[in-house]
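1. next comes the sequence, and after it the predicted model I'd like to discuss.
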Amino acid sequence: MPGSPACFILIFLLCQLTEPAASGTLKKLVGALGGSVTFPLTHSVNQIDSIVWILNTTILVTIQPKMADRQDNIIVIQNHNKKRVNFPHGNYSLKLSKLNKSDSGTYRVEIYSSSLQGPFIQEYELHVYEHLPKPKVTMSLQNNKNGTCVTNLTCFMEQGGEDVTYSWKSLGQATNESHYGSILPVSWRLGEKDISFICMARNPISSNSSNPISAWKLCEGAADNLDSTIILNLLWVFLLLSVLALVPVILIMWRERRKGSIKKKKRMDIHQEVLNYYPPSGETSEYDTISNINKTIPEENSINMLYSTVQIPKKMEKPHPLPTSPDTPRLFAYENVI
């Protein structure tokens with residue numbers, strides 16, 4: 001049958017043996033993942049016998065234009081492309097919908113006409129990109145010294161990082177500065193005006209920017225380190241002053257304790273001497289100590305101690321009776337002699 005797919009494929013193979021009559025320049029197209037793209041077809045061919053659309057080396061669509069006695073005969077070779085292929089403009093420009101990453105590649109349209117010695121060929125280069133999410137920012141090589149923060153910010157994409165360009169904006173300065181590249185060197189000193197940094201990522205179909213990054217928040221470690229250094233220095237000074245203040249106190253306490261130990265030892269020696277004195281048999285000793293006014297017994301005042309001895313006579317077994325008279329009172333049977 002003249003309109004069967006086998007006939008169109010046979011025509012295509014036969015035409016490969018001939019040189020193209022004319023060719024257009026390569027056209028580059030971009031499409032978004034899930035979106036659509038149209039391959040514009042511009043030619044000066046008056047009478048068209050057939051049209052073939054090819055992706056790389058695979059035939060996508062064959063078209064036999066309408067004639068007086070028939071409508072357009074469009075054949076989509078692969079079934080999964082039937083709902084994605086359309087020719088909305090009436091000039092056989094191909095529209096491809098629901099794009100995916102595998103649709104990227106080289107497309108070619110070949111127009112055959114009996115008025116041409118060879119087919120007219122137009123080529124296209126399609127690249128399908130993803131819409132960019134928010135870029136990520138990481139910090140590296142941070143150095144905090146004397147309240148100055150020096151670090152590098154790196155901007156990157158976790159997904160869809162193909163053909164992405166990066167740039168930075170610095171907000172909060174007299175003039176907003178821009179920097180191109182994925183790495184931004186940052187130097188910020190404690191006490192300066194806060195600055196915000198924004199990373200912007202772009203690809204051929206979309207762009208997105210990161211959340212603002214505050215220099216003060218980014219470099220708060222510099223302030224922490226400076227505060228820690230000051231606090232540590234103050235702590236060392238406080239400890240040194242405390243030691244210097246405690247040394248005299250410790251010396252005074254040690255001296256007083258030593259004096260007390262000497263006095264206590266003297267008292268114990270005097271008490272030991274008193275206890276070592278034993279009176280003769282039959283005598284009972286009483287000691288009366290005259291204390292010094294200051295409640296202490298200096299070594300030179302030990303002679304002020306007085307010792308008195310009281311002798312108690314033995315009990316008489318048979319006392320001799322004394323002559324008594326009426327006028328003389330009777331003596332007691334016992335008499336204490338002092």
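-> Structure's in. What do you need?

2. list the buried residues of stretch 149-157.
-> By neighbour count, and taking 16 or more other CB atoms under 10 Å as the criterion, the buried residues in stretch 149-157 are 149-151, 153-155, 157. The way it works is simple: take the backbone N, C-alpha and C, and place the C-beta from them, glycine included.

3. same question for stretch 128-146.
-> 128-130, 132, 135, 137, 144.

4. wait, which of those is closest to G172?
-> Checking these against G172 by CB to CB gives V137 as the nearest, at 16.8 Å.

5. for that closest one, what are its contacts?
-> Contacts here follow CB atoms under 8 Å, 6 or more residues apart in numbering; on that basis V137 touches 153-155, 199, 210, 213.

6. which members of those are positioned in strands?
-> Among the contacts of V137, the members found in strands (DSSP state E) are 153-155, 199, 213.

7. possible to save the buried residues of stretch 128-146 as a markdown table with pLDDT?
-> Formatted as a markdown table, the entries for the buried residues of stretch 128-146 read as follows, by pLDDT from 0 to 100:
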| residue | pLDDT |
| --- | --- |
| V128 | 96 |
| Y129 | 95 |
| E130 | 93 |
| L132 | 94 |
| P135 | 94 |
| V137 | 93 |
| N144 | 75 |
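
8. end to end, how far does stretch 38-56 reach?
-> Using CA to CA, to the nearest Å, one end of stretch 38-56 lies 17 Å from the other.

9. meant to ask about stretch 185-196
-> One end of stretch 185-196 to the other measures 13 Å (CA to CA).

10. mind listing what's buried in it?
-> With burial defined by 16+ other CB under 10 Å, the residues of stretch 185-196 counted as buried are 186, 188, 190, 195-196.

11. before we move on, what about stretch 102-117?
-> Going by neighbour count (16+ other CB under 10 Å), the buried part of stretch 102-117 is 103-104, 107-113, 116.

12. in strands, which of the residues you listed appear?
-> 107-112.

13. would TSV of these with distance to N79 be doable?
-> Compiled in TSV, those are given as follows (distance: CB to CB, whole Å):
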residue	distance to N79
Y107	19
R108	22
V109	21
E110	22
I111	25
Y112	25
